[in-house]
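A.B. asks: What follows is a predicted protein model with its sequence.
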Amino acid sequence: MIKRYPTKQIFVGNVPVGGDAKIPVQSMTFSKTHDVQGTLEQIKRLHFAGCDIVRVAVPDYEDAYALKAIKAESSLPIVADIHFNYRFALIAAEVVDCIRINPGNIGNKERVKEVVKACNERNIPIRIGVNSGSLEKQFDEKYGATTKAMVESALYNIKYLEDLGFTNMKVSLKASDVERTVEAYRMLRPLVEYPFHLGVTEAGTLFHSTIKSSIALGTLLLDGIGDTLRVSITGELEEEISVGRAILKDSGVQAEGLNIISCPTCGRLEANLVNAVAEVERRTKHIKAPLNISVMGCVVNAIGEAKHADVAIAFGKGQGLVMVKGEVVAKLKEEDLVDTFLKEVEKAAREYKA
Ligand code: SF4
């Protein structure tokens, strides 16, 4: 049983983050934010993919002023990502659900005070986003882009807000490699009570990011660390969400969706298992019930796996078995197996009670 690290709970729009809340999955649009329609289309795609919170970049005034129209139509809570210019933060704070800034890089204390006041007025949180690639000069010069520098930067920015009486915040500590990411979050966790946003920054393509993010985020989640996450991928928006959700599911932190067990195949195989598993995966994407289903190439391991699976299939030569809770419910020709198996999966999902 994973014991989650206790944290304060905050709200990004209507989505709770931290405490005993479910772990929301986040992503970021890559449209120019001032392209309101383009940004809303990407938000819609993310919503359908299962995203809970979306972040948009605000590098200019026209992006800041576009936030009002985006927020009015968005189905997801919006985080405005701001660097250096406190005026963008002031404009954003009037409409969005959270702003991501590093107080130390948006000007003097008076300016930060104004931003804090604006966030307090609407009771919206601030995410302090420490990134190994953009550390403040004083930490970079003292320690280099190390874990120590990341943690010092986070503590400095947290204190900056706390000194202004502001505690409605969450923190991220992203490095581009697994080791520093894990070390930094582990080091900071016992020192503060704020929820953590997990992520590996600039993690690469789908293949590389999936591996790096699974190791780093999986390790932290198993430690009980992490209250929301983003998997960053150089690729399609939907991929970030499906990998994020899979990490939560496969680390055992959040039960949602099917766990598909399938064998790697070997010389005993007499059927087209690769196609069958691909079809099962494609036709079960919508299922939210946390069922175990197994698709095996022969009876050698299929019967054993079927005992632990809600629904199972065992291929043979030209035919095979469909099993529910370890009991054989059908013996069919190979071409009829997948359809019958999927009917049983749908039935089990409908009957599933949490
Ligand atoms: Fe080979 Fe059968 Fe095991 Fe699949 S289940 S790997 S076909 S022995």
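C.D. replies: All right, it came through fine. Numbering: from 1, shown residues only.

A.B. asks: same question for the helix or strand harbouring Glu239, mean pLDDT?
C.D. replies: Per DSSP states H and E, Glu239 falls inside helix 237-250. Helix 237-250 shows a mean pLDDT of 93.

A.B. asks: Next: stretch 53-67.
C.D. replies: Averaging pLDDT along stretch 53-67 yields 97.

A.B. asks: rewinding a little: quick check: can you name the pairing partners of the helix or strand following the helix holding Glu239 and their directions?
C.D. replies: Once the chain leaves helix 237-250, the next helix or strand it forms, by DSSP H and E, is strand 259-262. Sheet pairing of strand 259-262 (DSSP bridges) gives strand 292-296 (parallel).

A.B. asks: for the helix or strand that the strand it pairs with is followed by, packing partners?
C.D. replies: On the C-terminal side of strand 292-296, the closest following helix or strand by DSSP H and E is helix 299-308. Secondary-structure packing of helix 299-308 (3 or more CB pairs under 8 Å, 6 or more residues apart in numbering; DSSP states H and E): strand 292-296, strand 311-315, strand 319-324. For the C-beta atoms, the positions are set from N, CA and C on the backbone; glycine is no exception.

A.B. asks: Check which helices and strands the longest one is in contact with.
C.D. replies: Where contact means 3+ CB pairs under 8 Å, 6+ apart, strand 319-324 is packed against helix 299-308, strand 311-315, strand 327-333, helix 334-351.

A.B. asks: Swap in 6 Å and give it another go.
C.D. replies: Judged by 3 or more CB pairs under 6 Å, 6 or more residues apart in numbering; DSSP states H and E, the packing partners of strand 319-324 are strand 311-315, strand 327-333, helix 334-351.

A.B. asks: which bits of this structure sit near the ligand?
C.D. replies: With the criterion set to CB under 6 Å from any ligand atom, the chain comes near the ligand through Cys263, Pro264, Thr265, Cys266, Arg268, Leu269, Met296, Gly297, Cys298, Val300, Asn301, Ala302.

A.B. asks: How many residues are close by the second one?
C.D. replies: Taking other CB atoms under 10 Å as the criterion, the count of residues near Pro264 is 7.

A.B. asks: ok now do the nearest residue to Asn14 once chain neighbours are set aside, which residues does it touch?
C.D. replies: Among residues not flanking Asn14 along the chain, Pro77 sits closest, at 6.8 Å (CB to CB, 6 or more residues apart in numbering). Applying CB atoms under 6 Å, 6 or more residues apart in numbering, we find Pro77 in contact with Val12, Gly13, Val15, Ile53, Asp97.

A.B. asks: Nearest to the ligand, out of those residues: which one, please.
C.D. replies: Distance to the ligand, by CB to the nearest ligand atom, is smallest for Ile53 among the contacts of Pro77, at 40.3 Å.

A.B. asks: Of the residues of the chain next to the ligand, just the buried ones, PyMOL syntax please.
C.D. replies: Buried residues among those (16 or more other CB atoms under 10 Å), as a PyMOL selection:
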select buried, resi 263+265+269+296+297+298+302
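
A.B. asks: Closest one of the residues of the chain next to the ligand to Lys137?
C.D. replies: The closest of the residues of the chain next to the ligand to Lys137 turns out to be Pro264 (CB to CB; 50.5 Å).

A.B. asks: Quick check: the gap between the closest one and Leu206.
C.D. replies: 21 Å (CB to CB, to the nearest Å).

A.B. asks: Can you give the distance from the helix-or-strand element of the chain with minimal mean pLDDT to the centre of its chain?
C.D. replies: The helix or strand of the chain with the poorest confidence is helix 299-308; it has a mean of 80 (mean pLDDT, DSSP states H and E). Averaging C-alpha positions (CA atoms, centre = their mean, to the nearest Å) puts helix 299-308 32 Å from its chain's average.

A.B. asks: cool, and stretch 96-111?
C.D. replies: With CA atoms, centre = their mean, you get 24 Å for stretch 96-111.

A.B. asks: Now do the same for it: mean pLDDT, whole number.
C.D. replies: Mean pLDDT, stretch 96-111: 87.

A.B. asks: got the end-to-end distance for it?
C.D. replies: End-to-end distance of stretch 96-111 (CA to CA, to the nearest Å): 19 Å.

A.B. asks: Before I go, just wanted to say thanks for your time.
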